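Asker: Build me a model from this:
(chains A and B)
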Amino acid sequence: MAEVRLENVTKRYGGTEVVHGIDLEIAHNEFVVLVGPSGCGKSTTLRMVAGLEEISGGTIRIGDRVVNALPPRSRNISMVFQSYALYPHMTVRENLGFGLKIARQSEAEITKRVDEAAEILGLHDYMDRLPQHLSGGQRQRVAMGRAIVRNPDVFLFDEPLSNLDAKLRGQMRVEIKKLHHRVATTVIYVTHDQVEAMTLADRIVIMRDGYIEQVGTPSEVFDQPANIFVAGFIGSPPMNLLDAEVTSEGGAPVARLADGLTIPLPADLAVSATTGRQVVVGFRPESLAPQGHALHSAAQSIAISRTVVIAEPLGTETILFTDLAGREVQGRMLNPRPVKPGEVMDFMLDLTRLHVFDKATGRSLRA
Amino acid sequence: MTASTADAVPLHNRLTIEKPWQRWLIRLGVFVAMVILCVPGLWVALTAFRPNVEVLARPTVWIPQQPTLDNFLKIFGLLPKQQEGLPVLLYFTNSLVISITSTVIAILIGMMGGYAFARYRFRGKATLFLGFMLSRSVPGVALSLPLFILWSRVGLIDTPLGLIIVYLAINIPFTIWLTDGFFRQIPVDLGEAAQIDGCTRWQAFWKVEFPLARSGLASAAIFAFLTSWNEYALASQLTRTTASKTLPVGLMDFTAQFTVDWTGMCAMAVLIIIPALVLTFIVQKHLIAGLTFGGVKG
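Answerer: This next block holds a predicted model:
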């Protein structure tokens, strides 16, 4: 059993605090992805779990041990680095077996476990090669192999796919997921790529400026973003966000956009969204679809007629750029037909999937 | 216009010499440079194998007409009618002891210093590094008088230890500078990966970072050894007798008030050069850098 628990963990470099007292619990065998823009503290957090950075405050537990003062080698963790960090002077076999050799395992045991890892990752053909004679994808696999042979309590991945091209990245993403199913172990995975986060994670931790913005399953952070930052960060293309003011129309609360267009607000927001309140209304591109091309059949929607500025055909769908309340917004057209720029289309805005955030605090106003 | 065209051509194309006459011009340039560099050394080597009359002959005799080993035998006092030779073996031993000891210590300390500069952050790091480098800017000879006075007071004149300390002071800053550069080239990730794989910081250094820095350390060692082995100016001031005289200082034994034994001096110079050459050849393969390539990134 190896759950990982971070309690009020802080990191300071001199007088600058870069991680501000974060709390996080990761269950046994859970795959947790730390995601956020550069400089958000995700890699620092991972390195603190690894023991490569000292923590300035708080407690880190792996299993039932407090590991604050333990060196990396005593934490029973493995790490895959962004640069792979394969030992250049050792063959693939020696790279895989290095950790076991240091742990003074018998030759027979080393051979057995190295062969097992090679089998899982399909490395048998390159065992006697040096890292410099491997392709990027093969090096990546060796780095993962080196991590799994040691049977660690926790796997740490620090942006492991960043150096691969887009196609290989997709393949390796699937392999990492398969690997987690096969070698059930707790995983903490750092990335700045929200697609990786969404596809791999059991739970996503979204970080910004050394704070955790939201923790949740991929569908939770996608469907119920806690604030404007999460709403804008998760999802591709990103959520459309428009400034508005809450008013009342015929007794029901509505959001009035800058151009005067009013959007009826969901009933569960009525309490907190009082009249006159400045808010940000958010909706995902798939909630703004031309009539008959929507993803969901909305129980409640309004029609908005708009001129298409640019259309981006992607095969199964087309992303449509248009203007709303002086801002560029994106809509999503499923089962697309050819669309020309300048064409006026009737869009349906799905009101059941509307997000409303307080403009001052950025927090979601959904109950 | 010409310049912009040249800029547009990829670098490797610009460096390719297309015309034969250009290639020959470069070869000629290289030949002239090599002649300037090599002829003095060649002259020393040839003179070591010729009789004294040929040295002063007019016109110049380039290739020894009567090659002989007498000059070498003379040094060791092995000629039939010779009474005694020079204490070359003692000089050789002194040179060897002083050079090896100072090199080993300089490499050990310099390697640790270089690693610290490359890997750790500490207060005053840049100033300290600059200080080490500035110490190299002082010409060695300028130190000879202060060193002579200081060494005579503490009793280090004419001792191997005295010279070892001087050579350490010369070699350590240089070794630190050189190894710092090599350790910087080794990605920090490798040492960290080794620590995660179960190594202590020390093991990570010895098993991963040290083998990768070997070529750098080998070149640093050669530089340190050759500096100590060839150094003349300070050694000539700080040594007096066979207790500490090194081979380069021993060369002066061939000069008398009115004469210089050129052939003997050249034979001894050849003896001095041989170990340095052998060492360079042995360590040569480690000098080929690039071992760290391929371990990181794609």
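
Asker: from the stretch 201-350 of chain A, which residue is nearest to chain B?
Answerer: Here the stretch 201-350 of chain A gets closest to chain B at one residue, residue A:210, 20.5 Å apart by Cβ to the nearest Cβ. (Each C-beta comes from the backbone N, C-alpha and C, glycine too.)

Asker: The stretch 1-150 of chain A now?
Answerer: Among the residues of the stretch 1-150 of chain A, residue A:132 lies nearest to chain B; the distance is 2.2 Å by Cβ to the nearest Cβ.

Asker: What residues does the residue of the stretch 201-350 of chain A closest to chain B make contact with?
Answerer: Neighbour list for residue A:210: A:11, A:17, A:18, A:19, A:20, A:22, A:40, A:41 [criterion: Cβ atoms under 8 Å, 6 or more residues apart in numbering or on different chains].

Asker: For the nearest residue to it once chain neighbours are set aside, give me its contacts.
Answerer: Beyond its immediate neighbours in the sequence, the residue positioned closest to residue A:210 (Cβ to Cβ, 6 or more residues apart in numbering or on different chains) is residue A:41, lying 4.1 Å away. Contact partners of residue A:41, counting by Cβ under 8 Å, 6+ apart, are A:11, A:18, A:19, A:22, A:207, A:209, A:210, A:211.

Asker: Can you say which of those are buried?
Answerer: Among the contacts of residue A:41, the ones that count as buried by 16 or more other Cβ atoms under 10 Å in any protein chain shown are A:11, A:18, A:19, A:22, A:207, A:210.

Asker: Taking the residues you listed, tell me the two that lie furthest apart.
Answerer: Within those, two members stand farthest from each other by Cβ to Cβ: A:11 and A:207, at 12.3 Å.

Asker: quick one: common contacting residues for these two?
Answerer: Each of A:41, A:45 lies in contact with both residue A:11 and residue A:207 under the rule Cβ under 8 Å, 6+ apart.

Asker: so how many other residues sit close to residue A:31?
Answerer: Other residues within reach of residue A:31 by the criterion other Cβ atoms under 10 Å in any protein chain shown amount to 23.

Asker: Could you do the one 5 residues further on as well?
Answerer: Residue A:36 is flanked by 27 other residues according to other Cβ under 10 Å.

Asker: quick one: what helix or strand has the spatially closest residue to it that is not a sequence neighbour in it?
Answerer: Once flanking residues are discounted, residue A:36 sits nearest to residue A:207: 3.8 Å by Cβ to Cβ, 6+ apart. When secondary structure is defined by DSSP states H and E, residue A:207 falls within strand A:203-208.

Asker: do residue A:43 as well
Answerer: Of the helices and strands defined by DSSP H and E, residue A:43 is found in helix A:42-50.

Asker: Specify the angle between that helix and strand A:203-208 in degrees.
Answerer: Helix A:42-50 and strand A:203-208 meet at an angle of 120 degrees, taking axes from the mean of the first three to the mean of the last three Cα atoms, to 10 degrees as the criterion.

Asker: Would you tell me what the next helix or strand after helix A:42-50 is?
Answerer: Moving toward the C-terminus from helix A:42-50, the first helix or strand encountered (DSSP H and E) is strand A:57-62.

Asker: Name the strands paired with that following strand and say parallel or antiparallel.
Answerer: Its sheet considered, strand A:57-62 pairs with strand A:4-13 (antiparallel), strand A:65-66 (antiparallel) by DSSP bridges.

Asker: Let's have the ones you listed in CSV, adding mean pLDDT.
Answerer: Written out in CSV, the entries for those read as follows (pLDDT from 0 to 100):
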stretch, mean pLDDT
strand A:4-13, 95
strand A:65-66, 94
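
Asker: Mean neighbour count, those: which tops it?
Answerer: When the strands paired with strand A:57-62 are scored by mean count of other Cβ atoms under 10 Å in any protein chain shown, the highest mean neighbour count falls to strand A:4-13 (a mean of 18).

Asker: I am finished for the moment; much appreciated.
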